[in-house]
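*Asks:* Requesting a structural model of the entry that follows:
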Amino acid sequence: MKELELSDSVSLQNTKENPVTEEQIEFLKDQSCSYESLFNRRAQLYRGRNLHEKELTESDYKELLLDHYTFIKRPILIYNSVAYIGNSKKVVAAAVKAVKND
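*Replies:* Predicted structure coming up:
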């Protein structure tokens, strides 16, 4: 996210100290089309809880996202009511383009 050169007026939410709310998760799900797309399979708890061996439903993903902050893909940037979720090159490039065009 350093590429974005965001101003000091941008607020950051530390999800470890200030967990996401159900309302925030719903907004992100609406932006990304599913709870699964918000889910971080690289989280240590994913393997620790043997979740990789289970077939999870959307309801399961939602519950897990609300249960522990490490299950949420990060970072999340919400800019002009559009959410950019994760740190893939494609997502970062789209976020940079949106921010730079304003």
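
*Asks:* CA only for contacts and neighbour counts going forward, please
*Replies:* OK.

*Asks:* surely P19 meets D67?
*Replies:* No. If you go by Cα atoms under 8 Å, P19 and D67 don't touch, sitting 9.0 Å apart.

*Asks:* Could you verify that Y84 is part of a helix?
*Replies:* No. Secondary structure assignment (DSSP: H, G, I helix; E, B strand; the rest coil) places Y84 in strand, not in a helix.

*Asks:* what pairs with it across the strands?
*Replies:* L77 (DSSP bridges).

*Asks:* give the contact list for it.
*Replies:* By Cα atoms under 8 Å, 6 or more residues apart in numbering, the contact list for Y84 reads I76, L77, I78, V91, V92, A94, A95.

*Asks:* Quick check, the second one in contact with N87.
*Replies:* No. Counting by Cα under 8 Å, L77 stays clear of N87, with 10.1 Å between them.

*Asks:* Look up phi and psi at K29.
*Replies:* Backbone torsions of K29, given as degrees, to the nearest 10, read phi -60, psi -40.

*Asks:* again with F27
*Replies:* Torsion angles, degrees, to the nearest 10, at F27: phi -60, psi -50.

*Asks:* Against V92, how distant is it?
*Replies:* From F27 across to V92, the span is 20 Å (Cα to Cα, to the nearest Å).

*Asks:* Compare the two (neighbour count), which wins?
*Replies:* Neighbour tally, F27 and V92, criterion other Cα atoms under 10 Å: the higher count belongs to V92, 20 against 15.

*Asks:* mind listing what the residue sitting nearest the centre point of the chain touches?
*Replies:* In the chain, the residue lying closest to the centroid (Cα atoms, centre = their mean) is K73, at 3.8 Å. Shown in contact with K73 (Cα under 8 Å, 6+ apart): L38, F39, N40, I85, G86.

*Asks:* which residues touch the third one?
*Replies:* If I follow you right, that is N40. By Cα under 8 Å, 6+ apart, the contact set of N40 is T70, F71, I72, K73.

*Asks:* Thank you, goodbye.
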